[in-house]
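Asker: Got a predicted structure here, sequence first:
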Number of protein chains: 2
Amino acid sequence: MLSKKTKYGLKALTFLAQQEDKKPVQISEIANAENISQKFLETILLSLRKTGFLGSKKGKGGGYYLIKDPAEIQMASVMRVLEGPISMVPCVSLNFYEKCDDCPDEAACGVHKLMLQVRDSNLEIYRNTSLADLIA
Amino acid sequence: MLSKKTKYGLKALTFLAQQEDKKPVQISEIANAENISQKFLETILLSLRKTGFLGSKKGKGGGYYLIKDPAEIQMASVMRVLEGPISMVPCVSLNFYEKCDDCPDEAACGVHKLMLQVRDSNLEIYRNTSLADLIA
DNA sequence: CTATTACCCTATCGATTTAATAGAGTAAGC
DNA sequence: GCTTACTCTATTAAATCGATAGGGTAATAG
C-alpha cells in the first residue's frame, strides 16, 4: 500500500507544478486544495525541501515552491524519498540492499526471482515518469 | 514492502512444488528447510488450504500438499490471498476498488494515473508468472 | 481400540509503523 | 516591531505485523 505521506507528497508536488508563476504557495492553500491535514503536510513538505525538491520562503507572502522543472523530476527519486525503497524486498534493492537472514542462496530463491521482475518493471515506470507527466 | 507472511507462503509453495512425489509434507519439515517459525507457518498454510491452493492430511504421515499443478498456479491469485490487493491504492484496484475520500476527480489525479501504470505492469507479471516458473 | 501424530483454531502480546496533533520557536517582510 | 508563515520536537492513538502459547480435534497405525 502507498502511504498517505507519499500520496499527499505527490499531490502537493503536482499542485505546485500546476502553478502558473513561480511564486511561493502557502501550506494552508495546498492543504485546503488537496484535502490534507495541514500539520501533516508540513512535515512532508519539510522533508521534500530537505531533499532538494522544494524551496521555501518565510514571512508574509512566503510558502513552498518547486526548485526544478517538473519535467526534470523523476518519480523514482520522489518515491525513494517519500515511500522508501522501491523494491518489495531488501534483497533486490539497488539502493537499500540487504541479505535475507533466511534464504541461503539468492539465486535459487523463487521469491527473489519474482521480486526482481517486479522491481525492474516498477523502476522503469518510475524512471520514465516525471512530475510533468502526472499533470499532462 | 512484502510481508513475511507472503514471503513465507511463497517459499512454502515453492518447497511443495519441488517435491518429487505428491506425498504430504509436514509443517515442521517445511519450516525447518526454509527457516520459518513453525507456528507462524501453520497459520499461513491454513489460509492457503482454505483458499484452495493446498490440501492437507491429518494423523501420522500427514501434512500439506499442492492440489493443482504448479504451472496452473498464477502468482496473481497467490499474491491476492497472501498479500492482499495488488494495487498500491484502492482507487486503482480491480478486486478491491474504493474511492478516495479526498480526490474529487480520479481522472485528473496524478497519483491515480501513476498508480494505474504500476498496477498494470505488476498485474501482468503476476499473471504471467506461475509457481512452476519460480522453481525453473 | 487406543495412543500417537500432526493439523486446526483462538487468543494474546510486544514491537513497529503510520497518521495525525500540539505547541513552541524562528526567520522574513511590511 | 509586529505579523505571517515556515521550522522543529515531542507526543499520541490506532493499526498492523510477526511471533507465540496452548489447547482441540481428526485421522492413522498397530
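Answerer: Ah, there it is.
Asker: what's the domain layout of chain A?
Answerer: A:4-66, A:72-135 (automatic domain parsing).
Asker: could I get the ones you listed as CSV with mean neighbour count?
Answerer: C-betas here are computed from N, CA, C, even on glycine. CSV is the format used below for the domains of chain A (neighbours: other Cβ atoms under 10 Å in any protein chain shown):
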stretch, mean neighbour count
domain A:4-66, 16
domain A:72-135, 17
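Asker: how close does the residue of chain A found nearest DNA strand C sit to DNA strand D?
Answerer: Per Cβ to the nearest atom of the strand, residue A:59 is where chain A lies closest to DNA strand C, at 2.8 Å. The gap separating residue A:59 from DNA strand D is 4 Å, by Cβ to the nearest atom of the strand, to the nearest Å.
Asker: where does that residue land on pLDDT?
Answerer: At residue A:59, the pLDDT value in this model is 90.
Asker: do the same with residue A:23
Answerer: 88.
Asker: so who does the residue nearest to it when sequence neighbours are not counted touch?
Answerer: Excluding its sequence neighbours, the residue lying closest to residue A:23 (Cβ to Cβ, 6 or more residues apart in numbering or on different chains) is residue A:65, at 6.9 Å. The neighbourhood of residue A:65, defined by Cβ atoms under 8 Å, 6 or more residues apart in numbering or on different chains, consists of A:16, A:19, A:22, A:23, A:24, A:25, A:54, A:55, A:56, A:57.
Asker: Out of those, list just those in helices.
Answerer: residue A:16 (DSSP state H).
Asker: Specify the beta-bridge partners of the residue nearest to residue A:23.
Answerer: With DSSP bridges as the criterion, residue A:65 is bridged to residue A:55.
Asker: can you pull the contacts of residue A:88?
Answerer: Residue A:88 neighbours (Cβ under 8 Å, 6+ apart): A:115, A:118, A:119, B:1, B:2.
Asker: The same query, at a cut-off of 6 Å, please.
Answerer: By Cβ atoms under 6 Å, 6 or more residues apart in numbering or on different chains, residue A:88 lies in contact with A:115, B:1, B:2.
Asker: how close does it get to residue A:111?
Answerer: Using Cβ to Cβ, to the nearest Å, one obtains 9 Å as the distance from residue A:88 to residue A:111.
Asker: now do residue A:36
Answerer: Distance from residue A:36 to residue A:111, by Cβ to Cβ: 35 Å.
Asker: which SS state does the residue of chain A most remote from its centre fall under?
Answerer: Distance from the centre of chain A peaks at residue A:104, with 33.1 Å (Cα atoms, centre = their mean). Here residue A:104 is coil, with the state taken from DSSP: H, G, I helix; E, B strand; the rest coil.
Asker: And it, how far from DNA strand D?
Answerer: For residue A:104, the distance to DNA strand D - Cβ to the nearest atom of the strand - is 17 Å.
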